[in-house]
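Colleague: No sequence on hand, only this structure:
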């Protein structure tokens with residue numbers, strides 16, 4: 001492993017999925033074993049941060065992270081990373097992989113939003129769709145009944161309108177107005193039509209400045 005993670009043999013999609021399950025549960029296995037020893041706990045957290053930073057420098061993707069779980073020693077040696085005595089290396093590395101995955105997700109969201117803004121500007125539009133459908137009227141409940149939302153950015157002002165639906169809430173429809181540099185406002189609604197009216201009114205108010 002040099003400046004970037006090795007691109008040799010990597011797990012297939014099923015292997016990556018299995019690895020993701022491992023690192024997403026690693027913290028639940030690791031941290032309860034350390035709470036009785038604050039010094040070791042602090043050293044473990046420091047080591048996890050150092051491993052995650054190394055993975056970021058090497059621009060490790062999901063396949064590289066999955067491969068690393070099975071063979072972490074080369075990375076630790078090359079980066080001269082110290083692991084606290086008695087702390088399981090596989091769990092430390094797995095937690096660091098989880099941190100790197102969250103970073104990858106964040107980077108992906110930033111790229112998608114930048115592309116959405118570029119498309120809107122190229123089309124001469126005042127609004128960019130950062131998430132969800134182009135029209136709030138097309139928003140429905142999320143997959144398996146989970147929350148769903150759309151996020152629209154008003155390019156001239158930088159104001160964002162976030163409309164969400166959470167079918168498990170007593171007032172499942174919500175609207176948040178997030179002005180650039182201003183004070184966010186929000187309201188929940190029990191009725192879909194009232195919520196849609198609120199979304200249209202908020203959008204019109206932003207357009208009018």
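Modeller: Yes, it's here. On a predicted model such as this, the values are computed, not experimentally measured, just so you know. Numbers count the residues shown, from 1 in each chain.

Colleague: any low-confidence regions in the chain?
Modeller: Scanning the chain for pLDDT under 70 picks out 1-10, 142-147.

Colleague: Domain map for it?
Modeller: By the record's domain assignment, the chain is partitioned as 13-107, 126-208 (automatic domain parsing).

Colleague: Is it possible to get TSV of those that adds mean neighbour count and distance to residue 117?
Modeller: C-betas here are computed from N, CA, C, even on glycine. Output for the domains of the chain, formatted as TSV (neighbours: other CB atoms under 10 Å; distance: least, CB to CB, whole Å):
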stretch	mean neighbour count	distance to residue 117
domain 13-107	17	16
domain 126-208	15	5
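
Colleague: Next, format those domains as CSV and append distance to residue 115.
Modeller: Below are these laid out as CSV (distance: least, CB to CB, whole Å):
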stretch, distance to residue 115
domain 13-107, 13
domain 126-208, 9
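
Colleague: who wins for proximity to residue 114 among the ones you listed?
Modeller: Across the domains of the chain, residue 114 has its closest neighbour in domain 126-208 (9.6 Å, CB to CB).

Colleague: Identify all contacting residues around stretch 98-108.
Modeller: Residues from elsewhere that reach stretch 98-108, judged by CB atoms under 8 Å, 6 or more residues apart in numbering: 20, 23-24, 26-27, 48-49, 52, 55-56, 60-62, 65.

Colleague: and the residues you listed, which of them are in helices?
Modeller: Judged by DSSP state H, the subset of the contacts of stretch 98-108 located in helices is 20, 23-24, 26-27, 48-49, 52, 55-56, 62, 65.
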